[in-house]
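Enquirer: Fold the following.
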Amino acid sequence: MVVYSLDGGETWEKAETDSEESLYGIGVRGEEGWAVGDEGSVLETSDGGRSWHKVQVPEQSKLFWLGTVSLVSSTGFSGYGAGAGGLLFRIVDEKLSW
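Expert: Next up is the predicted model:
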């Protein structure tokens, strides 16, 4: 489950998501964001966290959990993430690379 706030944490709403896996890390910058968790699950949002959609990942990454995602500002939307067994990924121009 993912929750979000539009008023600085005064109230919270449940976000729509098409995933059942547990999530361990979320990063949102403006309207764009990524969430990661069990079985290599990766979700993305483009509406500030109100809805999340599952991203297709390589089959081998489904063997690991992902625990963190960090977004950085640059000329393109970018970030990094990590999980079990040293699994690393990066986000460049809103696309994942492993």
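
Enquirer: where does the protein dip in pLDDT?
Expert: The model of the chain has pLDDT under 70 over residues 74-77.

Enquirer: Which parts of it are strands?
Expert: For the chain, the strands defined by DSSP state E cover 3-4, 13-14, 16-17, 23-29, 32-37, 42-45, 51-54, 66-72, 78-83, 88-92, 95-97.

Enquirer: Could you identify which of the ones you listed is most buried?
Expert: Highest mean neighbour count among the strands of the chain (mean count of other CB atoms under 10 Å): strand 32-37, with a mean of 23. From N, CA and C alone the C-beta is placed, and that goes for glycine too.

Enquirer: Residues in contact with that strand: which ones?
Expert: Here strand 32-37 makes contact (CB atoms under 8 Å, 6 or more residues apart in numbering) with 2, 19, 21-27, 42-46, 48-49, 52, 65-69, 71, 77, 79, 81, 83, 91, 94.

Enquirer: All set, thanks.
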